[in-house]
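*Asks:* with the sequence up front, the predicted model follows.
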Amino acid sequence: MIFSKYLLTTIVSLTGGANTLIFLSTGGGEKSSNLSNLSNNFQSLSEKNQRLLEQERGRINSEKEKSIKEFKELDGKNKENQQKRKESEEKRVELETLNQKTNESFEQKNKDLREKSEKMSKQLDEKKQQIFQTVKQNYEKTKQQFEEFYKKQANEIESTLESLKKSNEQLLKEVKEKVENMPKMIFPKDLNSKST
């Protein structure tokens, strides 16, 4: 359908040439002159038609080459577009895969972080409880040790005071006795017997 207008021109040219030959062959005049003219006209017409055919062939070849070139260009662009679509699809799949992996990694990290946080919180609570129990035990132990020490010291002080009291009582008794006996020692009853 691309070359229909050129083929139509060729057919018209050929048809016109044939009509010319027929017209010339039916005219009057001498046969030799007619034959010569007919031969010349036929040759001229043949050359003209040959040129037209060559021109038409050249035009057809040119159009064919142009069409082939355009087809190749379109085919190349189509393949290029297909390649771009393929690359775009591959990029899309790659991005979706990367996004999925990123989301999975993010979720996994969040899960790990949450588990680690819960574990640390539990360990911290256990450590606090352990420290509290240790402090409580040490407090009770220290309190008991202090009470025992205080009681021991109090008993020792009380014992010392008791000993001191007894010692003082004895000393006071001895002093009292000496004081009471002092006049007798200074002023004996029997002076004569003493002087003798």
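*Replies:* Thanks, I have the structure now.
*Asks:* center of this protein - which residue?
*Replies:* Nearest to the mean C-alpha position of the chain, by CA atoms, centre = their mean, lies T102 at 4.6 Å.
*Asks:* for the protein, which segments count as helices?
*Replies:* 4-25, 31-186, 191-195 (DSSP state H).
*Asks:* let's have these in CSV, adding mean pLDDT.
*Replies:* Converted to CSV, those look like this (pLDDT from 0 to 100):
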stretch, mean pLDDT
helix 4-25, 49
helix 31-186, 84
helix 191-195, 52
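*Asks:* picking that back up, how near is the residue nearest to the centre of the chain to E63?
*Replies:* Look at T102 and E63: by CB to CB, to the nearest Å, they are 56 Å apart. In this view, the C-beta of every residue, glycine as well, is placed from N, C-alpha and C.
*Asks:* determine which stretch of the helices of the chain is the most buried.
*Replies:* Neighbour counts (mean count of other CB atoms under 10 Å) averaged over each of those peak at helix 4-25, with a mean of 12.
*Asks:* which residues touch K165?
*Replies:* Going by CB atoms under 8 Å, 6 or more residues apart in numbering, K165 touches no other residue.
*Asks:* make 577 the first number, not 1, from now on.
*Replies:* Right, with 577 as the first residue, what we last looked at is K741.
*Asks:* any figure for the gap between it and K728?
*Replies:* From K741 to K728 the distance is 20 Å (CB to CB).
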